[in-house]
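> Let's see this in three dimensions:
(one chain, ligands or ions: 1)
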Amino acid sequence: MSTGTRDAKRVTTHTLQEMKSQGVPISMLTAYDFSLARLVDASGVDVMLVGDSASNVMAGHETTLPITLDEMIYHASSVVRAVQRSLVVVDLPFGTYQGNTKGALNSAIRIMKESGAHAVKLEGGREVIGSIERILSAGIPVMGHLGLTPQSIYKFGTYVVRAKEEAEAQRLREDAKLLEQAGCFAIVLEKIPAQLATEVARSVHIPVIGIGAGGGVDGQVLVLHDMLGINKEFNPRFLRRYANLHQVITDAVGAYVADVRSRSFPSADEQY
Ligand code: KIV
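Numbers count the residues shown, from 1 in each chain. Okay, the predicted model is just below:
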């Protein structure tokens, strides 16, 4: 087994702060399972997000809402077992932190204790600030998430770009400041105009990681399965595909099926 990153220095929240100060862009990707997390870690990604997008890409749900805390802990534990260098951040799933600060703290503690992850992420600004402060009071690092927050999809009604109107943009600016003041170590900005994201990244001292938020922020995040091209149906403008695994996997599996049917697999060398 390759142990390429065994001796590499671990990424911490302080590393990310230093990267922002030095103008070094931060790379973040999602991961949900041991095997892919090991590859992602060894490839040098700074932050691995066990996103609640697992609800879509791993479980096939239409939204992120159905995934449970137990399911997130299962995915997070698998990722943590694989990772030697990256900072592992885990999404608090829908319904486990809103409107109840004690519940939020309990959810975050379960994630940290049962998975061994390094930080949690949750969606929202002023409306969840009480939960953020309570979690931080237990020494658990929190990453914020503003802009398109998929757990609110039924409020938004659509996955279009957020904060194009000035009122929503102003609210987002203020929320970013609130998250920084509360003590969040970083903020994700999802699917907002690039100019607004750049402005927010310059206005706070903590790292701002964008997805569909342009190049003027401190780092980028993508969903692993999307950037690897496993899912060919999802084609937002912000997505750059670095591989076409849809084709690679269907070709490989198709070839295997053909070989089994023609009895060319296994060969004489592939048996005992
Ligand atoms: O769940 C997720 O994958 C996320 C990213 C899109 C930032 O929150």
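> make it CA atoms for all contacts and neighbour counts henceforth
Fine.
> Give me the spatial nearest neighbour of the closest residue to the ligand within the stretch 101-250 of the chain, chain neighbours excluded.
Taking C-alpha to the nearest ligand atom as the measure, the stretch 101-250 of the chain has Val223 as its residue closest to the ligand, at 5.4 Å. Spatial nearest neighbour of Val223, excluding adjacent residues (C-alpha to C-alpha, 6 or more residues apart in numbering): Thr30 at 5.1 Å.
> With Gly216 instead?
Gly216 sits nearest to Thr198 (C-alpha to C-alpha, 6+ apart), 4.6 Å away.
> count of neighbours near that neighbour?
Applying the criterion other C-alpha atoms under 10 Å, we find 18 residues in the vicinity of Thr198.
> Is it in contact with Val217, as I believe?
Yes: the pair formed by Thr198 and Val217 meets the contact definition of C-alpha atoms under 8 Å, at 5.4 Å.
> re earlier: tell me what the residue nearest to Val223 is bridged to.
Partner residues in beta bridges with Thr30: Leu49, with DSSP bridges as the criterion.
> This protein: strands as residue ranges?
Listed in chain order, the strands of the chain (DSSP state E) span 26-30, 47-50, 87-91, 119-121, 142-147, 186-190, 208-211, 219-222.
> who's in contact with the residue nearest the centre of the chain?
For the chain, Leu49 is the residue whose C-alpha lies nearest the centre (C-alpha atoms, centre = their mean; 3.4 Å). In this structure, Leu49 makes contact with Met28, Leu29, Thr30, Ala31, Val88, Val89, Val90, Asp91, judged by C-alpha atoms under 8 Å, 6 or more residues apart in numbering.
> nearest residue to the residue in the chain that the ligand sits nearest to other than its sequence neighbours?
Closest to the ligand within the chain is Gly51: 3.3 Å, counting by C-alpha to the nearest ligand atom. When the adjacent residues along the chain are set aside, Gly51 lies closest to Asp91, with 5.2 Å between them (C-alpha to C-alpha, 6+ apart).
> Skipping its backbone neighbours, what lies nearest Gly229 in space?
Of all residues apart from its sequence neighbours, Asn244 sits closest to Gly229 (C-alpha to C-alpha, 6+ apart), at 4.6 Å.
> pLDDT score assigned to that neighbour?
According to the predicted model, the pLDDT of Asn244 comes to 97.
> Contacts for the worst-scoring helix or strand of the chain on mean pLDDT, please.
For the chain, counting by mean pLDDT, DSSP states H and E, helix 153-156 ranks last in confidence among helices and strands (a mean of 95). Helix 153-156 is touched from outside by Thr63, Tyr159, with contacts defined as C-alpha under 8 Å, 6+ apart.
> C-alpha coordinates for it, CSV please?
Below are the C-alpha coordinates for helix 153-156, written out as CSV (Å, rounded to 0.1, in the frame of the first residue of the first chain):
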residue,chain,number,x,y,z
ILE,A,153,-34.0,24.3,-1.6
TYR,A,154,-37.7,24.2,-0.9
LYS,A,155,-37.5,27.8,0.3
PHE,A,156,-35.6,28.9,-2.8
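> Could you chop the chain up by domain?
Following the assignment in automatic domain parsing, the chain carries domains at 3-241, 244-272.
> Pick the most buried one from those domains.
Among the domains of the chain, domain 3-241 has the highest mean neighbour count (mean count of other C-alpha atoms under 10 Å), at a mean of 19.
> List the contacts of the residue of the chain closest to the ligand.
Gly51 is in contact with Thr30, Ala31, Tyr32, Val90, Asp91, counting by C-alpha under 8 Å, 6+ apart.
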